[in-house]
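Novice: the following block contains a protein sequence and its predicted model.
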Amino acid sequence: MRDIFIKACNGLKTDYTPVWFMRQAGRYMPEYQRVRQKYDFLTMCRTPEIAAEVTMQPVRILDVDAAILFSDILIPLEAMGIKIEFIEEKGPQVHPAIRTSAQLNQLKPLEIEKIQYVFEAIRILIRELNVPLIGFAASPFTLATYIIEGASSKEFINSKKFMFSDKESFHKLMAMLTDSMLLYLKEQLKAGVNAIQIFDTWAGILSPFDYELFVKPYVKRLIEGLKSVPVIYFCPNATGLADQINETEADVLSIDWRIDISDASRLFREKTIQGNLDPLTLLGSEDEIFKRTTYILTGGRKARSHIFNLGHGVNIHTKVDTLKKLVDFVHNFKHKEE
Ligand code: CP3
């Protein structure tokens, strides 16, 4: 197996910078669209052979250094008494939304038997892939925002109202989601994933004070339970949360483009840095793309180790050819002697 990605996760310097992309399997890719025309997104996630096939498409087509399981952070809710739907243009819908302590009992601890298709997809992939497979889950907080809002949100009014008006119930919800995500991720480990990424897409909406209180203890507990493989923590807007994030045991921090990678390397000295090209750069000219990529690869040398990625998922309007050229550029990049 090509293990340069795992080496970088473990903090080792590598001969070239490994690269993969969040949302590397998706609608920007004609090969994905061909499958997607026949099946809806949830059917694709629930059918191990299809999920495995779509996971492998970007590995074959782009030559990235890691695969990420094709699924969604909301999938485990199907095994927790919550219904999920993906509606074109509207994004994910979750019901019932849970906003009071009285509604908490509608959420059940994860029943792993109900989502065996996830682990079956992993087992197929472990047989087929020649690069490491990344398993994943949402952080308890990010998952809580979907459960409370019932959909994607901009201001998270219901989540914050819940959190600031009934903190005991909010902690109860967080504790239960942590137990369930820990069980879910341990089952992914048993099926064979080589690394884990925890998506904390929305933790950056909190003040450091509230992150410390409501998020950090649960992220810490989750990561400490998973120490057999490298753990990547994806947290956009991480700058103001640096002290807290450094206290989690994540091996890798995945950052967005709002922070300079040299600053991130200083702030998060003990972690491998993953990132951090603005995905919409890829809609611009090659000249601009490679200029920023060079800047990031150069800054990434200051980090303990560096994995090249975007600051968020691949945008649907991205050309496959652009991503292919970007992978080649990263692989062939020669650092000037220091
Ligand atoms: O990265 C990958 O290639 C692995 C698969 C993956 C998906 N979603 C596939 C997907 C992963 C790791 C996710 C994580 C996820 N899902 C997050 C965290 C990362 C982030 O983006 O911040 C979040 C917040 C979600 C929730 C979600 N799923 C939203 C908001 C949407 C709708 C937006 C959209 O682009 O359609 C989804 C749907 C979704 N998840 C698609 C894919 C490929 C699009 C499905 C389709 O219609 O084909």
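Specialist: Looks like it arrived, so ask away. Numbering: from 1, shown residues only.
Novice: whatever residue of the stretch 201-338 of the chain ends up closest to the ligand: how many residues sit nearby?
Specialist: Going by CB to the nearest ligand atom, the ligand is nearest to Thr201 of the stretch 201-338 of the chain, at 3.4 Å. (C-beta placed from N, C-alpha, C; glycine too.) Burial measure for Thr201: 22 neighbouring residues, criterion other CB atoms under 10 Å.
Novice: not counting sequence-adjacent ones, nearest residue to it?
Specialist: Nearest non-adjacent residue to Thr201, counting by CB to CB, 6 or more residues apart in numbering: Thr142, 5.1 Å away.
Novice: got the residues of the stretch 1-150 of the chain near the ligand?
Specialist: Counting by CB under 6 Å from any ligand atom, the stretch 1-150 of the chain comes close to the ligand at 22-27, 36, 41, 68, 70-74, 86, 91-92, 136.
Novice: what does the stretch 201-338 of the chain give?
Specialist: Thr201, Gly313.
Novice: sketch out the low-pLDDT regions of the stretch 201-338 of the chain for me.
Specialist: Within the stretch 201-338 of the chain, the ranges that satisfy pLDDT under 70 run 337-338.
Novice: go again using 90 as the cut-off
Specialist: 227, 334-338 (pLDDT under 90).
Novice: tell me where it has strands.
Specialist: 231-234, 252-254, 272-277, 306-310 (DSSP state E, counting those that start in this stretch).
Novice: take those and lay them out in CSV including mean neighbour count.
Specialist: CSV is the format used below for those (neighbours: other CB atoms under 10 Å):
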stretch, mean neighbour count
strand 231-234, 25
strand 252-254, 27
strand 272-277, 27
strand 306-310, 27
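Novice: got those strands as CSV, with distance to Ile126 columns?
Specialist: Shown next, in CSV, are the strands of the stretch 201-338 of the chain (distance: least, CB to CB, whole Å):
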stretch, distance to Ile126
strand 231-234, 18
strand 252-254, 21
strand 272-277, 22
strand 306-310, 21
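Novice: ok, which of those strands comes nearest Met1?
Specialist: Closest approach to Met1 among the strands of the stretch 201-338 of the chain is made by strand 306-310 (16.3 Å; CB to CB).
Novice: and the closest one, C-alpha only, in PDB?
Specialist: Extracted in PDB, the C-alpha atoms of strand 306-310 (Å, rounded to 0.1, in the frame of the first residue of the first chain):
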ATOM      1  CA  HIS A 306       1.800  18.700   5.800                       C
ATOM      2  CA  ILE A 307      -1.100  17.000   3.800                       C
ATOM      3  CA  PHE A 308      -2.300  19.100   0.900                       C
ATOM      4  CA  ASN A 309      -6.100  19.500   0.700                       C
ATOM      5  CA  LEU A 310      -8.800  22.200   0.200                       C
END
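Novice: centre of the chain versus that strand, how much separation?
Specialist: 13 Å (CA atoms, centre = their mean, to the nearest Å).
Novice: who touches it?
Specialist: 5, 8-9, 17-22, 252, 254, 261, 272-279, 282, 293, 296-297, 300, 330 (CB atoms under 8 Å, 6 or more residues apart in numbering).
Novice: circling back: quick one: which of the strands of the stretch 201-338 of the chain is nearest Glu78?
Specialist: Going by CB to CB, the one of the strands of the stretch 201-338 of the chain nearest Glu78 is strand 231-234, 22.2 Å.
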